[in-house]
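> turn this into a structure:
(chains A and B)
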Amino acid sequence: MSADANKILDKFTTVAQNPGNWINNWKAQTQKKVIGCFPMYVTEEIIHAAGLLPVYLLGSDEPIGLAANYFHQSVCHPIRSNLDAALRGQLDFLDGLIIADVCEQVKRGADLWLLAKPTPFFFKLRLPGVLNASSHRSWLLQELGRLRSALEHLTGSKISDDSLRNSITIYNQHRSLLKDLYERRREGLLSLNLAQLEKILIAAMFMPKEEHVELLFAYLKVKSSEPVAAGPRLLIWGNPCENLEPGLCEAIEAIGGVVVDDYIHTGARYFSSQLSQGADPLEVLAATYTRSLPCPTKYSTEIDVGEHLLQLAHRSKAQGVIISIPKYCEIFASSYPRLKQALQKEGIPHLLLESDHSGASAQIRTRVQAFVEILEANGAEEA
Amino acid sequence: MESEMHRLTTQTTARQLTKQHYDDLKQARDAGKRVVWCTGDSPAEICLAMDFIWLCPETHAILAASKGASRELCEIAEERGYSPDICSWIRIDLGSIFSGGSKSPVGGLPKPDLLYTTTACHQRTMWFKELSALYDVPLLVLNIPHMGDHLGDEETTAGARYMVQQLKEHITFLEQFTGRPYDWGRLQEHIDLTGKAARLFGQLAEMGKHIPSPITCFDLFGHIGLLHHYRGLPQAADIYQLAVAEAEERVRRGVSAVGEEKFRLYWDNIPVWFALGDLSRKFLSYGACLALAYFPFSLIDRFSVLDPERPLESISEAHVTWHYNMGTSKRIERLAKMISEYSIDGLVMQMSQTCKMWNMDSLGMANGLREKTGLPSVTIEGDMGDPRLFSIKDIYAQIVSFMELLAKLK
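This next block holds a predicted model:
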């Protein structure tokens, strides 16, 4: 990798490895407010248009301590670890919290979270779990209007349609750059390992979009083509609300697996929507969301998560798929049988891993090793 | 046995009617009636009005658990890749389907023509998505906006309006599906019958306020199935009327459900269906009456307010304002008030590991209720359908310690 590209990557890594630290410095310099978003599908553009910095909360990998007094063990890790981080004071940089009620756990856990750790500003964005009907789009439009009013009240300033359109443009530009990055990796034109890629995405979740766009643009300009590692091509799917299991990227790549694509929270899930522009920017946001989202938390007659996974696998020419489902995430766990059926129908091998953020254990490493070796053997046979 | 001597006699009739319900389902299917599978909270009356027969797979799961069939059914589903973290009722139902009904206590359920769920519980939405794919039939989903602790009247009204809009879309669908105009008159009749039954069930539950109580929550658990199996039909109200009369007679005669009533307890959460007998006998041995449980009110609250003059509006308002559509603080507030009204001495806080809807904030609820009421509590960890998550030996030990504590405090 070129020295310039390395320097940019180091900047992403600095943010990703200690986002709290980075944000505290940023706040001290800019005197601006920060709104925590959890766990996914929060419409950041509105927050950005309000002059606030939206950041996605990713919890931590420290053992759960204080949060165990509020949430029992069978609650998912993202919720427990984020509350734990909040109770330890690690999220004190937040001036507010917006939660999208994408599942039972976050919908019901939010109020208890607030009891345990009050926040100056709180908003629950009630997204429809069902798509494709006009009532749901109208509802979402109302909710987005309610969010806009709440943020205007927080800042004391109106959020104009023009500023919303501007935010949508910036976010779209960001999405396009990330898509470009991903496409180049898939095509073997850009060598970046999964851990490095995840750092770029995590940094995106904490930095102002304009800054991240600038760095990303510069990175893509200076990043030279390098030989991409040869090895079985893998797609990773899952981990919807936090980063990958610590150590998993390294475990895969140490054994020669090459993750060429993903559909995870700190990955392609973050930028896969592209918003169109329209006369009413809130309508644009509502319309984009209520188009078919390939997510187990949503119900739509137009898209099936199994078919979507196959599309991703074919596009990336993946030889194998790793499905990483968080422990105690019943929604994603429910979708596994159909994902399995879809992959088996196409003869695409897969490995199911359970993620609890205790680190890639010896068992996980062994299973990953066995899986990659099988793919290597399959590849040799086909050759 | 002593525990059965104090049960309401109408429970025998309720059990017979449960069996009748499953027999009727098979006959209805054979007679060519359209079948809709609904979650227990879905507005089944909307479909009943268009001549659907409805069934609730959750009550089938409860039946399987109470008959000792749930473990095997869960295992069948797990072998197909459904995680043990998923709601046990879902695994029971899917296990029954995958076994072709052979492992179900009633030989399985008739295939649906239509499915109907709400988003009150996202796991159920996912369950019904699976069913829609398995049976290749349409799915109607009623999205219920969650109110939590921080929203007020304006948002409640807006939420109810949204739900009415969705119900109208569902009615349009039913007209297209059946090829005939919607029967609003029938809807009013069914809504009226459900409302009456729920109000009577509410009267029965309120008998628990009497000291001594003529009923325990185990009586209520034994009668709750009627409000599912005979929703919108006259049988539920008929039996509840008899049960209320029996309970009132006991009050007049001073008959206690537990012999000498020494303690009055609150049961939180979903019943442990496969251990009700064991638990009721254990509490009975201490003269402890479980005089109040929220679970029956989950139906009473939503259905007793149904108004045939405003069917869609009253359905929507009931759901938006329902107890479990509120947040932790509001629910603690409400439960504390009920606990005071029922003169409760202690709290039995059951936690069902695989039910996120009822257990997501159960630790917070238990802490909050203890603080608000000043009452001692015991936490029982288990599940509402998977017996592998429940150790009766451990639970007995907890109950013994709890009852000893209550005795010391008396």
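
> what's across from whichever residue of the stretch 151-300 of chain A sits closest to chain B in the sheet?
Closest approach between the stretch 151-300 of chain A and chain B, counting by Cβ to the nearest Cβ: A:Tyr299, at 5.4 Å. C-betas here are computed from N, CA, C, even on glycine. Applying DSSP bridges to A:Tyr299 gives these bridge partners: A:Val130.

> quick one, what contacts it?
A:129-131, B:125, B:129, B:139, B:141 (Cβ atoms under 8 Å, 6 or more residues apart in numbering or on different chains).

> could you export the residues you listed as JSON lines, including pLDDT and neighbour count?
Output for those, formatted as JSON lines (pLDDT from 0 to 100; neighbours: other Cβ atoms under 10 Å in any protein chain shown):
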{"residue": "A:Gly129", "pLDDT": "86", "neighbour count": "24"}
{"residue": "A:Val130", "pLDDT": "85", "neighbour count": "23"}
{"residue": "A:Leu131", "pLDDT": "83", "neighbour count": "22"}
{"residue": "B:Thr125", "pLDDT": "93", "neighbour count": "26"}
{"residue": "B:Lys129", "pLDDT": "93", "neighbour count": "23"}
{"residue": "B:Leu139", "pLDDT": "96", "neighbour count": "21"}
{"residue": "B:Val141", "pLDDT": "96", "neighbour count": "26"}
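
> quick one: which of those residues is nearest B:Leu299?
B:Thr125 (19.6 Å; Cβ to Cβ).

> can you pull out the helices in the stretch 151-300 of chain B?
All helices of the stretch 151-300 of chain B, identified by DSSP state H, counting those that start in this stretch, fall at B:153-178, B:184-206, B:217-229, B:234-253, B:276-284, B:295-303.

> which of these sits closest to A:Ile374?
That would be, of the helices of the stretch 151-300 of chain B and by Cβ to Cβ, helix B:153-178, which comes in at 46.7 Å.

> now for the closest one, which elements pack on it?
helix A:134-155, helix B:44-48, strand B:139-142, helix B:311-320 (3 or more Cβ pairs under 8 Å, 6 or more residues apart in numbering or on different chains; DSSP states H and E).

> next one: residue 341, what pLDDT does it get?
Unless you meant another one, I'm taking chain A. Note on A:Gln341: pLDDT of 95.

> I was thinking of chain B, sorry if that wasn't clear
For B:Glu341, pLDDT reads 98.

> give the contact list for it.
B:Glu341 touches B:Lys209, counting by Cβ under 8 Å, 6+ apart.

> distance-wise, check it relative to B:His323.
15 Å (Cβ to Cβ, to the nearest Å).

> same deal with B:Cys121?
The value you get for B:Cys121 to B:His323, if Cβ to Cβ is used, is 14 Å.

> also B:Pro43?
In terms of Cβ to Cβ, B:Pro43 sits 18 Å off from B:His323.

> okay, those two: which has more neighbours?
B:Pro43 (31 against 15; other Cβ atoms under 10 Å in any protein chain shown).

> how about the helices and strands packed on helix B:153-178 in CSV, adding distance to A:Glu307?
Below are the helices and strands packed on helix B:153-178 laid out as CSV (distance: least, Cβ to Cβ, whole Å):
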stretch, distance to A:Glu307
helix A:134-155, 22
helix B:44-48, 30
strand B:139-142, 17
helix B:311-320, 32
